[in-house]
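K.L.:
No sequence on hand, only this structure:
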Ligand SMILES: [Ca+2]
Ligand SMILES: [Ca+2]
Ligand SMILES: [Zn+2]
Ligand SMILES: [Zn+2]
Ligand SMILES: [Zn+2]
Ligand SMILES: [Zn+2]
C-alpha cells in the first residue's frame, strides 16, 4: 500500500456518484433562511454541516466546530440607515429605500439585513451631491479640477476600485459621505425595468437591489492581525484599523441612484464615466441642477452601523489518510452569506457537501481511504473579509505550513453555466487539466469540460500550444487568500461561469442582494443543477488525485513557464529604465533560468522514475519538493503594509502589468515620483525577487 | 537499509579514531599567519579547508566555496588610530600603544591588525576624560548626576554591556568618544605584571593586550538585512545602519588604561565600579586630577577606521545521505580570526577538520555513508558579526527550513580544560547526554564527560533529578544564531571550559588579542590537545547520532520541561500585575499544559514503537514532527527591531529573568513607563507566545 497510486476506477466511480439532485437539495436546505455570519441562520447552517459530516452513513471520520471572536459591523435593526434629500429648510424631499422590493417570500424574511457598507463608520453627513464615477483616486482628482469637493457627498458606482477605496480616496478631498450603487450598464447589460425585465422575469437585478459588502482593504479579523482571534487574544485599538472608510458610506439601488444622478447639475461627465441611465451623469454643481425639484438641496446620510465582537464558527471535517496522514489536502468554502446566499456561497457549500457525501460513504463502507488526509473547511465570516479562513491559518500556521499539499476553494460554484473557470498556482495546472479532460460538460457524454473550456478561455503556451487559460490567484477574492498568499500553499479556485459574449455583467446580477435565492439560482443560474454537478466532479476529481497519487500531480515546469512570462513582461517594461539607474535585471534573468533548468531536470527525474521500484522515501523526497515549492516564494517582510501577502510572485498589486507585484509597484512608484529613495525600493524588490526565485530553484535542484 | 538504526560500533570506532595530534597539526597549520576575514591569511585558510575536504583519501563527497560581498570595517594601515593625552597647548603628553608588545615572533607578523573597534566611525574627538564603569546606560546615568558629560571622552571596561552599547549609551549624554579596555580584575584574576606573571609566563593577558571586536548590535551583513550579500544585491544606505557606535571608539590595553584612569580627578567611583588597579577609579573632574602631570589635559582620539565591501568566503563540504539525502545535519564554525586565532576560532576549526578526516575516510573507504546528509560549513567574517553564516541562511532559507534536522556549532572548542559546556535547544539535551556519557574525559578511561560535567554545572530537573545543566542559546554569541533564531533549527554549541572556582576571567585572557596563538594554546589552554580531542569526540558523536539514527534522538518532553520552567518564572513575576490590568495569563498556562500533554503522548508513541515493524513513512512522520518542532516557535513579526530573531522562546532579551523574552521585555518596559500602550504591548507579546506554544503543541499532537 505504500506505493499504491491513484485508482482511476475509483475516480470514475466518484464522478458517477456525484448527483445533481443531491446538490439541489443541499442548496434548498442551506438557503431556507438568511445566514449572515454569526446570526441564528448561520448557526443553523453550522448545525446542518455538523449533522451531515457526522452522519454515520455518509459522514467524515470526524467533524467539529472552531470558534473565533471576531470584529464585525452591522446596521442597527431598530434604527435603519437612511439616505435622504433635504431642502435648505430641512424638509425631506426624497428618501431612498431601506429595503429591497419584495417579489418572493424570501425578501420578506425579517432576517434580511438592510443593505449597508460593513465597517463604514456611523455619522450624519450632509452636503451637495457630486458624481465621482467609480471612486478611484483618479476619478476624484479629475472631478476636483472643476468642482470644489469640500463638504460634498459623492455618489459612485461599483467597479474599478475596491469598496473601501471608494471612500478612502474621497476623504482627502473633503468629501463627507459616499453613496455606492450598481449601474445597470455594469450589472444588467443596461436593463432596468422590473415590470417585465429584471428578476423575477430574468436573472437581472431589480431596480431596488443593492450589493452589500465588506468595506475593508485587508482580510482577516481587523483587530487581530497575525493572531487567531480567541477570547483573550490581544486586539489592536479600533483607531489603529486601516483600510476602512473614514467617512459614512452607504450602498443603494440603481432606482435611487437614478433619482439622484439624473438631477445633478454641473457639467456633463466624460462619456466613459456614464452608465445606462438616460441622462448625462452630470458631475454636480456641486449639487442638483437649478431646474430640479432638488435644487439647492443636500443629500444626507444617517448611518447607524456599529461594530460588535461576535463568535464565528468554522466547521471542520476530516478523512484520515492511510499512508501519509501527515499530508493534508484541504478543500474549503465559506458558509456565511449576506442574505440567503444561494449562489454566494451556498452553491459552493452544496457542492462541497455532495463531495463529502460521496467520499464519506466510500470511507464508511470501508471501500476506500485516501493515501493523504483530507481536511474540509466550512469557513465563517468570509463576507466580512475572509475572516474564518484567515484565523484558521493564523492559529495553525506551523502545522499547515509543514503538511499541506494543496488548498482547493470553491466559493460561488456556478456564476453561469457556460464554462469552467479555474485559477491557481501554476504547479496545479496539469492536475486541473487532467480532471477537466475526464469530466464531461453538463448534458453531454462527449464534450469534456476541458474541450468546452478551451473555447471560452485559452492562451498559447510556449510549452503546450493552445490550452485553456488558468488564472493566477493574485488577489484576495475568496478564502484561498490566506492559503495562497500567507501560507504559500499551492491553491486553486474553481467555478462555472459566463459566456462573455452573452453578458457584460461584472458578476451575476443578484450578487450580495436579497435576490440571491434558491428560486433565482434554480431558475436562472443552473436549472437542473448540472453545472453545480460538473464543478463537484471536476474539483472532487482534483481533490482525489491530490489525495491519492503516489507522486503529487504537480508540474514545476509549468511554474517555470509562468515565471518566464512574468520575466519577459518585466524586462520589456523595466529593464532600460532600471539600467539607466545602474540597477541590473541580469540576476533576475539568471534566477529564472536557474529555476527553469532545475524544473526541467526534476521533471525528467520524475518521468524516468520506475514507480514499481522506487522506495517510499524517494517518493516522499520528490513530493516534499513539489509540495513545498510555493512555500519557497514566501517572504514575510516583502510587503509590510499588506496583511497576509507573503508570496512574492502572486501578491496583489496596483500595477496592471502581468508581472512580479513588488517590483512592478515599486517601479511604478519610482517612475511617478522620480525620487532616488523610490528607485532604491525598486532595487530592493528586485533583490527580494531574485532571492526568492533562486531560493525556490534551489529547493527543486538535487537535494544534495 | 531503510530501517537501519545508528550503529554503536561505528560510533566507538569514530571515538577511537579521533586523534589529538591530528588536531594539534591542524591548529599549527591554521595559525601560521593571522587570518582576519578577507585578508590573504584568510584566503590561505580557504584553500587549506578546500584541500582537506577535497582530499581523495579523507575528504568529503564534495566541497566548494561560496562568496559574499560584505561590509567590513578596518583601521587604516598607513595611518594608525591614535590615543593621546594633549595639554591645553596641544602638546602630546602621553601616547597609548598602537601595537601589542612582542613576546614571540607571532606578534611581529606585519599582518597583525592594530587593535580597533570595528564599525566605530572615524573622527578626532578631544575632551576631558571620565570613567564610566562598563558603559551601561545606568552607568552613564549615574555618572551624569555629578559630572557634566558634554564634550568628554569616556573610558569604560569590557563587560556588562555589548561592545557597541558602550558607545551608543554614551552619545546621548554628549560624550564625544569612548575608550574601552579590559580590567585585570575581569580578565586576569587581578594579575598585571608582564615581568613574570602574564603571558608568556602564564595564560594571563599582558598589559598591552587589547581585545579587538566588532562593535555592532545586529548580526549579519549590515547593508543587506534579510538578503544574501551578492554583487548586485540591494544595499541599504550606510546612514540607515543602526546599532553601531555613533562616536569614535577605540580599545586599549590595561597598561594604557591604568595610566589614564589612575590620574583621573573628581570623586572616587563606587566600589563595584572598580577593578584591579591600585587607585580609586575616580570619575573624572571631568578630566585629570590637579596633582596629575595631565592636569587640564584632554584625551584625544584619532580614529581612521574605514568601511570596505569585501569578498568573504564560506567553505562548504558535504557527505551525501544514503536513505534521506533531503535531511541535513549541519556542523559549522567560523574560519576567520582577529589575529592568529588559535583558540578563536581555530581550536574549533581544527576539531571540525579532525571530524571530517575521520568521517571522510570512512566514506572514501566505502565503509559508511550516513542515513542523512551532513553539511559542514566553515563560515567567513564571523568576527564582524556572524556574517558568513547569516548570509548563508538568508540565501538558502527555504531549503534549510524544509530539510535541516539540526545545527551543531563548535567555535572556540577549548576555553580551558576543566569540563564540557553545552548549550542548545531543549530537544537536544538527551542526545547530548547520550554522547557525553559515551566519551571519556581527557586522560581518563573511566570518568565520562557526563560524570565530569555534572560536577561543574548541574541543576535539578523535575523529570530527571540532578543532571548537567545545558544552557539555552538565547543570544547571538556565535554562528548558531542564524540557525537557532532566524531559521528555528534545533541548534547546539559545544566547548570545553573553565573550573570557575579557579578563575574569574570573563573569557580566556588572550581572547581577540595578538597572544591567541598556537604557542599560547599548546602551553596554557590544552597541552596535548586532549580537551580538543574530547570535544571532537563528543560533538562528532552527537553529529553521528543525528545523521544515522532511524528515529531522531530529540526529546520533546525536555522541551516541555523548559517551557514549564519559563512559565513558572513568568507567573511568579508577571501574573498579578498583568491581572490588575485585566490581562490573563491563563491562556499561556493552558498552552504550556497542552504542549506538555502532547509531548508526553508523542514520547509514549515513540517508546512503544516496534522499530522492526514500523514503516519508513511512519518513522518519517515522527521525525518530521521532531525536526520541525523548533521551527513552530518562529514568528517573523514578533521582534521587528531585532534582526534575525524570530524564535519567540529563545530570542535575546534585556530582562534578566529566565523566561519568555518578548513578554519579559514588554512587561519590564510597561512597568517602567506605566503607559497603557506599553501594557498593551505586553498583552500582545503574551498572545504571540500563546499562539506559538499552542501552535507548536499542535505539531506534536496526532497528525490527524
Ligand atoms: Ca486574527
Ligand atoms: Ca545579508
Ligand atoms: Zn463568497
Ligand atoms: Zn460574497
Ligand atoms: Zn569565535
Ligand atoms: Zn571571536
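P.N.:
On my side now, so go ahead. Quick caveat, the model's predicted, so the values are computed rather than measured. Numbers count the residues shown, from 1 in each chain, chains lettered A, B, ... in the order given. Ligands and ions are numbered 1, 2, ... in the order given.
K.L.:
how about the residue nearest the centre of chain A, secondary structure?
P.N.:
Residue closest to the average C-alpha location in chain A (CA atoms, centre = their mean): residue A:477, at 1.7 Å. Under DSSP: H, G, I helix; E, B strand; the rest coil, the three-state class of residue A:477 is coil.
K.L.:
List the contacts of it.
P.N.:
residue A:493 (CB atoms under 8 Å, 6 or more residues apart in numbering or on different chains). C-beta here means a position set from N, CA and C on the backbone, and glycine is covered the same way.
K.L.:
On the pLDDT front, check it for me.
P.N.:
On pLDDT, residue A:477 comes in at 95.
K.L.:
got the phi/psi numbers for it?
P.N.:
Backbone torsions for residue A:477, taken as degrees, to the nearest 10, come to phi -80, psi -20.
K.L.:
Get me the contact residues on the stretch 101-250 of chain A for chain B.
P.N.:
Residues of the stretch 101-250 of chain A found near chain B (CB under 8 Å from any CB of the partner chain) are A:226, A:227, A:228, A:230, A:232, A:233, A:234, A:237.
K.L.:
Quick check: the residue of the stretch 451-600 of chain A nearest ligand 3.
P.N.:
Ligand 3 sits closest to residue A:478 of the stretch 451-600 of chain A, with a gap of 5.6 Å, by CB to the ion.
K.L.:
I'd assumed residue A:383 was in contact with that residue.
P.N.:
No: Residue A:478 is not in contact with residue A:383 according to CB atoms under 8 Å; the separation is 10.4 Å.
K.L.:
who's more crowded, those two?
P.N.:
Remark: of residue A:478 and residue A:383, residue A:478 carries more neighbours, 25 against 22, as counted by other CB atoms under 10 Å in any protein chain shown.
K.L.:
Leaving out the residues flanking it, which one is nearest to that one?
P.N.:
Sequence neighbours aside, residue A:411 is the residue nearest to residue A:478 in space, at 4.2 Å (criterion: CB to CB, 6 or more residues apart in numbering or on different chains).
K.L.:
Who are the contact partners of the nearest residue to residue A:421 once chain neighbours are set aside?
P.N.:
Spatially, and ignoring its direct neighbours in sequence, residue A:421 is nearest to residue A:497 (4.3 Å; CB to CB, 6+ apart). Residue A:497 makes contacts with A:414, A:415, A:416, A:418, A:419, A:420, A:421, as judged by CB under 8 Å, 6+ apart.
K.L.:
On the strand side of things, show who the first one bridges to.
P.N.:
On the basis of DSSP bridges, residue A:414 takes part in beta bridges with residue A:496.
K.L.:
burial measure for residue A:276, as a count.
P.N.:
Number of residues near residue A:276 (other CB under 10 Å) recorded here: 16.
K.L.:
Could you check how far the residue of the stretch 451-600 of chain A closest to ligand 3 is from ligand 5?
P.N.:
51 Å (CB to the ion, to the nearest Å).
K.L.:
Then residue A:282?
P.N.:
For residue A:282, the distance to ligand 5 - CB to the ion - is 75 Å.
K.L.:
Let me see the contact set for the closest residue in space to that residue that isn't next to it in sequence.
P.N.:
The shortest distance from residue A:282 to any non-neighbouring residue, by CB to CB, 6+ apart, is to residue A:264 (4.0 Å). Contact partners of residue A:264, counting by CB under 8 Å, 6+ apart, are A:129, A:130, A:131, A:281, A:282, A:283, A:284, A:285, A:287, A:288, A:289.
K.L.:
count of neighbours near the fourth one?
P.N.:
Spelled out, it's residue A:281. Look at residue A:281: counted by other CB under 10 Å, it has 21 neighbours.
K.L.:
How about the fifth one?
P.N.:
For residue A:282, the number of neighbouring residues by other CB under 10 Å comes to 20.
K.L.:
and if you look at the second one?
P.N.:
Applying other CB under 10 Å, we find 29 other residues in the vicinity of residue A:130.
K.L.:
farthest residue from the center of chain A?
P.N.:
Outermost residue of chain A (CA atoms, centre = their mean): residue A:89, 45.5 Å.
K.L.:
and that one, backbone torsions?
P.N.:
With angles defined as degrees, to the nearest 10, residue A:89 sits at phi -90, psi 10.
K.L.:
Excluding chain neighbours, what is closest to the residue in chain A that ligand 1 sits nearest to?
P.N.:
As assessed by CB to the ion, ligand 1 sits closest to residue A:224 within chain A, at 3.3 Å. Take residue A:224 and drop its neighbours on the chain: the residue closest to it by CB to CB, 6+ apart is residue A:233, 5.4 Å away.
K.L.:
hang on, the one you found packs against residue B:688?
P.N.:
No: the criterion here is CB under 8 Å, and residue A:233 misses it with residue B:688 at 9.9 Å.
K.L.:
shared neighbours, the two?
P.N.:
Counting by CB under 8 Å, 6+ apart, the residues touching both residue A:233 and residue B:688 are residue A:227.
K.L.:
didn't residue A:496 look like it was pressed against residue A:417?
P.N.:
Yes: the criterion here is CB under 8 Å, and residue A:496 meets it with residue A:417 at 5.9 Å.
K.L.:
shared neighbours of residue A:478 and residue A:383, which are they?
P.N.:
Overlap of the contact sets of residue A:478 and residue A:383 (by CB under 8 Å, 6+ apart) consists of residue A:334.
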